[in-house]
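>>> Generate a structure from the sequence data that follows.
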Amino acid sequence: MFSALGHPTRRAVLAYLRDRDYVKVGDIAEAVGVAGSTLSGHLRVLREADLVVSRQRGTQVQYRINLTVIDEAMLLLASLGGALRKPRPGAAKAGTPAPASPGPPAPWEADGESDDKTTEEET
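Now for the predicted structure:
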């Protein structure tokens, strides 16, 4: 369910549906500013996560938010509240910068050779 909330368009759909009953797909698309074909994929993800409920009315599909699932998720998160705030052993403190990644090797290191070669004449 939480991965379904990862896209801003899906969050916008849920925010739009929050205080509404069943709404036509075209109205949702217009409200959140996406094409119907794009919205269709987002609604599928939300439906599979059980965050919205759909119904067929004639030739139109309508959606509403599934508040039961949202409420259950909120209760779960609230019950984990203290546990989520406790630092894990070995975890960096908030605000501590992450160690820099080494990045790609320098061009002269990429082939495994070093510039520190000495020839027999130099020794």
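>>> now the strands: where do they sit in this structure?
Using DSSP state E, the strands assigned to the chain run over residues 23-24, 52-57, 60-65.
>>> Give me whichever of those is most buried.
When you average the neighbours per residue for each of those (mean count of other Cβ atoms under 10 Å), strand 60-65 leads with a mean of 17. C-beta coordinates here come from the backbone N, C-alpha and C atoms, glycine included.
>>> Dump that strand to CSV, keeping only the CA atoms.
What follows is strand 60-65, C-alpha atoms only, in CSV (Å, rounded to 0.1, in the frame of the first residue of the first chain):
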residue,chain,number,x,y,z
GLN,A,60,-18.8,5.3,-16.7
VAL,A,61,-16.6,4.1,-13.9
GLN,A,62,-16.6,6.1,-10.7
TYR,A,63,-14.2,6.0,-7.8
ARG,A,64,-14.2,6.9,-4.1
ILE,A,65,-11.5,6.7,-1.5
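>>> in its sheet, what does it sit against?
Applying DSSP bridges, strand 60-65 is found paired with strand 23-24 (antiparallel), strand 52-57 (antiparallel).
>>> how close does Leu77 sit to Gln62?
29 Å (Cβ to Cβ, to the nearest Å).
>>> returning to that earlier point: please produce a markdown table containing the strands paired with strand 60-65, extended by distance to Leu67 and mean pLDDT.
Output for the strands paired with strand 60-65, formatted as a markdown table (distance: least, Cβ to Cβ, whole Å; pLDDT from 0 to 100):
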| stretch | distance to Leu67 | mean pLDDT |
| --- | --- | --- |
| strand 23-24 | 14 | 96 |
| strand 52-57 | 10 | 94 |
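>>> Name the single longest helix found in the protein.
As assigned by DSSP state H, the longest helix anywhere in the chain is helix 67-85.
>>> So for it, mean pLDDT?
What helix 67-85 shows for mean pLDDT is 79.
>>> For it, which helices and strands make contact with it?
Contacts defined by 3 or more Cβ pairs under 8 Å, 6 or more residues apart in numbering; DSSP states H and E place helix 67-85 against no helix or strand at all.
>>> Return it as PDB; C-alpha atoms alone will do.
Below are the C-alpha coordinates for helix 67-85, written out as PDB (Å, rounded to 0.1, in the frame of the first residue of the first chain):
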ATOM      1  CA  LEU A  67     -11.300   5.200   4.200                       C
ATOM      2  CA  THR A  68     -11.300   1.900   6.000                       C
ATOM      3  CA  VAL A  69      -7.900   1.000   4.600                       C
ATOM      4  CA  ILE A  70      -6.500   4.500   5.200                       C
ATOM      5  CA  ASP A  71      -7.800   4.500   8.800                       C
ATOM      6  CA  GLU A  72      -6.200   1.000   9.400                       C
ATOM      7  CA  ALA A  73      -2.900   2.300   8.000                       C
ATOM      8  CA  MET A  74      -3.000   5.400  10.300                       C
ATOM      9  CA  LEU A  75      -3.700   3.200  13.300                       C
ATOM     10  CA  LEU A  76      -0.700   1.000  12.400                       C
ATOM     11  CA  LEU A  77       1.600   3.900  12.000                       C
ATOM     12  CA  ALA A  78       0.400   5.500  15.200                       C
ATOM     13  CA  SER A  79       1.000   2.200  17.100                       C
ATOM     14  CA  LEU A  80       4.500   2.100  15.700                       C
ATOM     15  CA  GLY A  81       5.200   5.800  16.500                       C
ATOM     16  CA  GLY A  82       7.600   5.300  19.400                       C
ATOM     17  CA  ALA A  83       9.400   2.400  17.700                       C
ATOM     18  CA  LEU A  84       9.800   4.400  14.500                       C
ATOM     19  CA  ARG A  85      11.500   7.200  16.400                       C
END
